[in-house]
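Q: let me see the structure of the following:
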Amino acid sequence: MSNNNILVIGIAGGTGSGKSTLTKQLVNHFGDQITVLKHDDYYKAHDEMTYEERTHLNYDHPNAFDTDLMLQHLRQLKKGEPINCPIYDYTVHNRSRNFQVIYPTNVIIVEGILIFENKELCKEMDIKIFVDTDADIRIIRRIQRDVIERARSLESVISQYMNTVKPMHEEFVEPSKKNADIIVLEGGMNLVAMDMIKNRIRQHLSAQTQV
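A: The predicted model follows:
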């Protein structure tokens, strides 16, 4: 569990579920009072592979992530220490040479499809939110995102979805839902849930100012 000064909120859910939208709306509302740690930034580096080899990796399996490093970084943030967070470059399927310095705040959001699959990571969270969205909507969002934002071809996105994303969702992501404290339908589009989460964060921030 976190110390009393820092509230750690985990936001998980399948690809295209709306967890990033939920996170963005919270950041837009609370600004620099929130620190965000994204599991996607912790994809393992594969400098030893060619681009072609990297395109065939399974990026939806827990082993694709350096979760131990993320766990170490989260614990550092909870101690009040800044971290050098890796940056992942989706256009080349590899970790960038650069990193971003992330500073701790009183509220830390940990976001990713597989964060509830890891028991040690779950122990560091105070509130675990699983964003649940219909599979048809998720695949459409995934296609739109990967083609527009990540310069992927439509064929490659569909192939990846059928070969790894869908089976890994069924094997790892969906079962991890049982570790959640709250299940939110439609993510950032769920205004009732959004208000409840904002109120919980406000309560925590207000309590810190009174200490």
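Q: next, count neighbours for Val110.
A: Using other Cβ atoms under 10 Å, Val110 has 27 other residues around it. In short, each C-beta sits where N, CA and C put it, glycine included.
Q: then the strand or helix carrying it to CSV, C-alphas only?
A: In the assignment (DSSP states H and E), Val110 maps to strand 107-111. What follows is strand 107-111 as a C-alpha-only set of coordinates in CSV (Å, rounded to 0.1, in the frame of the first residue of the first chain):
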residue,chain,number,x,y,z
VAL,A,107,-1.5,11.3,-6.9
ILE,A,108,0.1,8.7,-9.2
ILE,A,109,-1.8,7.0,-12.0
VAL,A,110,-0.4,3.7,-13.3
GLU,A,111,-1.9,2.8,-16.7
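Q: adjacent strands (with direction) for it?
A: Sheet pairing for strand 107-111, assigned by DSSP bridges, gives strand 7-13 (parallel), strand 34-38 (parallel).
Q: what does whatever helix or strand comes next after that strand rub up against?
A: Once the chain leaves strand 107-111, the next helix or strand it forms, by DSSP H and E, is helix 119-123. For helix 119-123, the external contacting residues (Cβ atoms under 8 Å, 6 or more residues apart in numbering) are 1, 10, 67, 70-71, 74, 110, 115-116, 128, 179.
Q: save those as CSV, and put in pLDDT and distance to Glu48 too.
A: Shown next, in CSV, are the contacts of helix 119-123 (pLDDT from 0 to 100; distance: Cβ to Cβ, whole Å):
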residue, pLDDT, distance to Glu48
Met1, 38, 38
Gly10, 98, 32
Thr67, 97, 20
Met70, 97, 22
Leu71, 97, 24
Leu74, 97, 27
Val110, 98, 29
Ile115, 97, 27
Phe116, 98, 30
Lys128, 98, 35
Asn179, 97, 34
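Q: of all the residues you listed, which two lie farthest apart?
A: Taking every pair in the contacts of helix 119-123 and measuring Cβ to Cβ, the maximum separation is 18.8 Å, between Met1 and Thr67.
Q: neighbour count winner among those two?
A: Thr67 (20 against 9).
Q: show me the contacts for the residue nearest to the more buried one when sequence neighbours are not counted.
A: Of all residues not flanking Thr67 in the chain, Asn118 sits nearest, at 5.4 Å (Cβ to Cβ, 6 or more residues apart in numbering). Contact analysis of Asn118 by Cβ under 8 Å, 6+ apart lists 62, 67, 71.
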